[in-house]
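# coordinates only, sequence not included:
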């Protein structure tokens, strides 16, 4: 009959320890690598940094455009006010001239009526 050798308890403990470490590495290492994901973190950081830089440029452009729009609006409002003042002054002069023309026309008609009366009365006498 063959003799069966029984391992010593130290060897058995070592084998159990190696088995536990290997099993822990097989289960724990992929989970640790998935949660760490250094490449994903680096890419995420780079994308976030680029997005922040683009957002800063957009914000600065918006602020600049708002300033330009305010300046343009101020100039347009001043120009409109000047034009309105000029138009009002011009219309006032036109109105005065129209009134004067109306008075002159009324006076001419009155004088013509007087002349016609004088002529008619002169003829009729």
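Thanks, I have it. Everything numeric in this text was worked out from a predicted model, so none of it was measured. Numbering: from 1, shown residues only.

# what's the burial count for residue 22?
Using other Cβ atoms under 10 Å, the number of residues around residue 22 comes to 10. Yep, even glycine has a C-beta here, placed from its N, CA and C like the rest.

# Check it and give its pLDDT.
The model reports residue 22 with a pLDDT of 74.

# got it, and the one 4 residues further on?
Among the per-residue scores, residue 26 shows a pLDDT of 69.

# can you check residue 66 too?
Reported pLDDT for residue 66: 90.

# now residue 60
90.

# Pull up the gap between it and residue 109, please.
For residue 60, the distance to residue 109 equals 72 Å [Cβ to Cβ, to the nearest Å].

# now swap in residue 11 and tell me
From residue 11 to residue 109 the distance is 140 Å (Cβ to Cβ).

# And for residue 96?
20 Å.

# Helix or strand next in line after the lowest-mean-pLDDT helix or strand in the chain, which one?
Least confident helix or strand of the chain, by mean pLDDT, DSSP states H and E, is helix 9-36 with a mean of 69. Beyond helix 9-36 on the C-terminal side, the first helix or strand identified by DSSP states H and E is helix 38-124.

# starting at the chain centroid, how far to that next one?
26 Å (Cα atoms, centre = their mean, to the nearest Å).

# Can we start the residue count at 2 from this point?
New numbering, starting at 2: the last item is helix 39-125.
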